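**Student:** Okay, here's the prediction I keep looking at, along with the sequence it came from:
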Amino acid sequence: MISGFRRLVALAFLAALPASAQEATRPLPDAAAFAKVPFGVGERMEYDVRFGKLHVGNGELEVMPMDTVRARDAWHTVFRVHGGIPFYHVNDRYESWFDARTLASLRYWQDIDEGNYEPKRHYEIFPERREYIENAKEPNQSVEHPLDEASLLYYLRTVPLRVGLDTTFNDYFQAARNPIRFKVVRRDTITVPAGKFAAIVVQPIFESKLFSEGGHAEVWLSDDENRIMLQMKSKVSFGSLNLYLQSYRPSPTTHTPLSRLSPPSQQ
């Protein structure tokens with residue numbers, strides 16, 4: 001279960017990252033030069049986390065108020081997973097800061113608390129130097145347009161997707177773990193607690209052994225301009241770890257409504 005939860009978190013964003021966040025009242029910078037994205041401050045998604053059919057926890061993915069990292073305007077996102085099973089509890093927090101203009105990752109923090117496994121990894125990422133630093137260690141090689149697991153998921157939401165697309169990225173911020181590959185495998189219609197949706201299914205394939213032990217995942221994104229994650233299923237050596245969207249709160253700045261085929265289930 002330990003490695004399974006870490007894989008679930010990694011597959012969902014795909015793993016981990018805070019400098020002091022700005023208050024919500026901080027004036028927003030001029031967005032004219034920002035990359036065009038289908039998300040904004042205040043967007044929040046909540047997930048039911050299941051091992052097979054057994055409910056084992058909850059997850060939240062949220063876009064926080066805009067921040068700055070080394071004088072760069074940055075998106076700031078937080079992903080939390082909490083829950084577990086008797087005698088084994090999970091309380092993970094993953095934060096990512098990525099450039100509002102280029103979407104390149106600038107900072108990535110992992111605060112993992114899974115049973116007796118409690119690492120904290122803080123990465124400072126320097127696109128201009130093609131380097132990253134983990135917990136004040138010596139610099140390591142990065143890439144020109146680095147993406148951490150979380151910023152990669154948001155970046156994927158900006159990429160035109162079509163069934164049959166099979167693309168390889170060499171942009172993972174830890175250069176030694178490239179390449180990472182995505183395949184758009186099919187369209188689908190699914191029902192999750194948040195409602196019924198048309199979806200496009202993406203399969204991440206990580207050739208860098210980031211997801212070892214036979215891990216396999218599929219991610220269902222809403223088949224509309226929002227491209228939010230509706231569902232994720234991860235097959236691992238001991239079973240299946242899954243995420244299902246429970247609720248979605250759009251950003252007040254988002255002008256495209258989420259395309260539901262039917263309303264949320266009543267629980």
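**Tutor:** That came in fine, so what should we check first? Numbers count the residues shown, from 1 in each chain.
**Student:** List the beta-bridge partners for Leu54.
**Tutor:** Assessed by DSSP bridges, Leu54 has beta-bridge partners Phe51.
**Student:** Report the separation between it and Asp48.
**Tutor:** Distance, Leu54 to Asp48, using C-beta to C-beta, to the nearest Å: 11 Å. Every residue, glycine included, has its C-beta placed from N, CA and C.
**Student:** For those two, indicate the residue with more neighbours.
**Tutor:** Regarding Leu54 and Asp48, a neighbour count based on other C-beta atoms under 10 Å identifies Asp48 as having more, with 20 against 9.
**Student:** Name the residues of the strand or helix carrying the more buried one that are buried.
**Tutor:** Under the criterion of DSSP states H and E, Asp48 resides in strand 44-51. For strand 44-51, a neighbour-count test (16 or more other C-beta atoms under 10 Å) marks 45-51 as buried.
**Student:** cool, stretch 232-246 as well?
**Tutor:** 232-234, 236, 240-246.
**Student:** Sketch out the helices for the stretch 51-200 of the chain, chain order is fine.
**Tutor:** 149-156 (DSSP state H, counting those that start in this stretch).
**Student:** quick one: Arg72 and Asp99 touch, right?
**Tutor:** Yes: using C-beta atoms under 8 Å, Arg72 makes contact with Asp99 at a distance of 5.5 Å.
**Student:** Mutual contacts of these two, please.
**Tutor:** Residues touching both Arg72 and Asp99 (C-beta atoms under 8 Å, 6 or more residues apart in numbering) are Leu106.
**Student:** burial of the closest residue to Ala199 other than its chain neighbours, as a residue count?
**Tutor:** Among residues not flanking Ala199 along the chain, Trp220 sits closest, at 4.1 Å (C-beta to C-beta, 6 or more residues apart in numbering). Summarising burial for Trp220: neighbours were counted as other C-beta under 10 Å, giving 25.
**Student:** name the element Trp220 belongs to?
**Tutor:** Element membership for Trp220 (DSSP H and E) is strand 216-222.
**Student:** mind listing the strands for the stretch 1-150 of the chain?
**Tutor:** Taking DSSP state E, counting those that start in this stretch as the criterion, the stretch 1-150 of the chain contains strands spanning 44-51, 54-63, 67-69, 72-85, 88-99, 105-111, 120-126, 131-134, 140-141.
**Student:** Contacts for the second one, please.
**Tutor:** With contact meaning C-beta under 8 Å, 6+ apart, strand 54-63 is reached by 12-13, 39-50, 75-85, 90, 229, 243, 246, 251.
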